[in-house]
Structure formats: structure tokens, C-alpha cells
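# Quick one: sequence and predicted model below, then my questions.
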Amino acid sequence: MDLFRQDSEIWDLFTKKEEYAKCSHDRYDRFPYYRSRHRDISVPQVSQMLIEKGYYCEYPDTQPFAVCLTHDIDRVYERFFSKSFEIAKALKAGDLSRVTRITPQLRSKKCPWWNFDEIMALEELYGACSSFYFMALEEGDKEYAYAIEDLDQEMCTLQDGGWEVGLHGGCDAYRDLPTLKREKQHLEKVLNRTVTGYRNHFLKFRVPETWELLERAGFRYDTTLGYPDCVGFRNGMCHPFRPFNLNTDREMEILEIPLAIMERTLLTHMRLTMEQAWEQTEHLLKIVEQHHGVITILWHNDGMTGEPLRLYRKILKFCQGRGAWLTSCGEIEAWWRKSGLKAPERM
């Protein structure tokens, strides 16, 4: 921390000092990239300074860098009315065979987003595993889309296979401790295991209040800290870190594994073509490799179709070819607390 303090610009970026002041948020109560004064977020300035000062990190089997693969599970069922609309269109077109294919789906809970086995199988081809963040909302909660109890077998299969299950906090969890604890306990009751990893829905996050609440709720790490509207390094770090709380003047216990790339950011918010999205992604991956860092990638389960799925496959193939450690946030958290960034050796 003393090293960061020597450079006020680096210190302000690392601590996200600009987010402590009263600042304008978007309609989801998020601090967006376009309102930040730190413009070049494709350069991890804080991590770069550490590496230049001689700090280094090592990974299992001497991998050059690490990639945290993550999936937020916002929905698993298609809305009933969307299937009904498809049937109406097929009837109008006289396509009875399509009506016959769609009608049974109205009675089935399964849908294209119930694809956990397929995601596991794909990642396994590249020697990878990942983290899945499930919502543990109750009927009547805002953004409620599924009962977590319906997914108990799928979550157990994920965990038994070496994949990680964490909490995808609801709309208010990032700012309300009772809500956060209730959702955590709900998921733990279904899993019959302790949940240590977290990411909030819509990437809602308040610096430093959300970190404080997560610590009090018993989480070991968070991986929400990324911009929804631009890929890159929100606080200049391409390594996990323990946040520094400017309000209390102390380093916090929780580990932040910052989010750098989300498919919806690339394709929806930034409105990139697939070619442009790959160029941006490849650029960030190479930068993290140069800094022997960790990069977190978010691909929603409902983004595992068509062109987005091909892009995800391309990422896995590229990272495997570069010898990266393709793993979950839980594995990174455990490794980082044991090893982490090492200080330069004294001469």
C-alpha cells in the first residue's frame, strides 16, 4: 500500500477514490465508465507499476497467466408468452410441424438456457473449469426468474465435477445486509455447503460499501468490479487484490477478483461486431499475459448459442494455446491467498 501511495494518481485509481464522492450513476445505480476520469482502461496501470517494481506471481505448473471463467445465471426458463407467440405465428403461417415441435415445450421446464452440462463439456475439452453464480431469490422479489430449489441437482453436479457455485446477488443485495445474508443462506441451504464467492446482478456495486457488506456476510471474494459499458481494468488492476477502504483507512479482508470482459458489454453496450469483439478480447488477453496477471471473463448461460458461443470457444482455444490456467474464481481465490503477488527479492 505504501508503494501505491507514492503516486497519487495510481493511488486514486487503485482505491477508486472518484467513486467515494457524490457521483452520477446510471439507472441501475452503477458508476459507468463514461463518467470516469480514468480513460485508458485497456492499460492496467496499477498492475503495470507493480511488475515494473519487481513484483511477480507464479501459477501452478508454471502457467504464464490465469483466466477466470464465469457464468451469471439470470434465467433458465423461456418466458411462457414467447413460446405462445411462436405457436401463434406458426399457426398463421400454416406450419403445423413447427406447432407440433413447440407445443411440448410449454409443459417442460427445460429450455436452451438449462445448459450446464453442455457448458461443462465444452470447457472440459480445453482443460478448463469455471464459476456459476446463481440467484437465490424468492417469488415476489424483483427480477425473480427461477426457484433455486429446481436446480439443486444441477448445482451438485457442477460442484462434484470441480466447477464452482457462487451467489448472484439480487437487485438490492449490494446495498442491504439483511437481503444479502438471506440470499446467501437460501443458496447454502439448497447446496448444503458454504458459499464464498459473489457477483451482483446487473454489476450493481458501491465502493466501498458493497465490500464492507460482503465481508460482514462472510464472503471470501467478490468478482463484480467491472464496468457494464466498457471492457477493461476498472481500477487499473489485472490481478486480484484486497481493497483499501478510504473511509476506515484500512486494507479489507475480502479479495476482489475484478471483472474485465463480459459478452453483453462487447456485443450490446459497445455494439461491436464479432470481429471487433474478438480484437478487443485478444488485446486484453495479451496484455494480461504480459503482466502475468489474472483476467475474469463473464459469459451468461443464455449467451451460449450462435455467434457468441463461437466467440467463447475461440477464447478457450486461444487461452489454451497460450498455456493459460483456465479456472474458476474459487480456485484463484484459494491460490492467491496462499501465493499471490510476491515482493521483489532484496539484493
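Sure thing, it's come through. Quantities reported herein were computed from a predicted structural model and do not represent experimental measurements. Numbers count the residues shown, from 1 in each chain.
# Would you mind listing the residues in contact with the nearest residue to D7 once chain neighbours are set aside?
Distances taken as Cβ to Cβ, 6 or more residues apart in numbering put M49 closest to D7, at 7.2 Å, once the chain neighbours are dropped. Quick note: C-beta positions are derived from backbone N, CA and C, even for glycine. With contact taken as Cβ atoms under 8 Å, 6 or more residues apart in numbering, M49 is in contact with L3, F4, D7, I10.
# can you count the residues close to the third one?
Residue crowding around D7 was assessed by other Cβ atoms under 10 Å; the count is 14.
# Do you know the pLDDT at L341?
Per-residue pLDDT puts L341 at 89.
# wait, what's in contact with it?
L50, Y55, Y56, C57, H239.
# Let's see that with 6 Å instead.
Y55, C57 (Cβ atoms under 6 Å, 6 or more residues apart in numbering).
# Could you point out which residue ranges in the stretch 151-300 of the chain have low pLDDT?
For the stretch 151-300 of the chain, no stretch is flagged by pLDDT under 70.
# For this protein, which residue occupies the most central location?
L298 (4.5 Å; Cα atoms, centre = their mean).
# so it bridges to which residues?
L298 forms beta bridges with T70, M262, as assigned by DSSP bridges.
# Quick check, it in contact with M262.
Yes: in this structure, L298 is within contact of M262 by Cβ atoms under 6 Å, at 4.2 Å.
# returning to what we had before: and the residue nearest to D7, what helix or strand is that in?
helix 45-52 (DSSP states H and E).
# and S108, what pLDDT?
As predicted, S108 sits at a pLDDT of 48.
# What separation do you get for C68 and S42?
With distances taken as Cβ to Cβ, to the nearest Å, C68 is found 18 Å from S42.
# neighbour-wise, which of the two wins?
A direct count of neighbours by other Cβ under 10 Å for C68 and S42 places C68 higher, at 27 against 14.
# how about that one, secondary structure?
What DSSP: H, G, I helix; E, B strand; the rest coil gives for C68 is strand.
# Give me the three-state assignment for the residue lying farthest from the centre of the chain.
Farthest-out residue of the chain from its mean C-alpha position, per Cα atoms, centre = their mean: G94, at 43.7 Å. Following three-state DSSP, the label given to G94 is coil.
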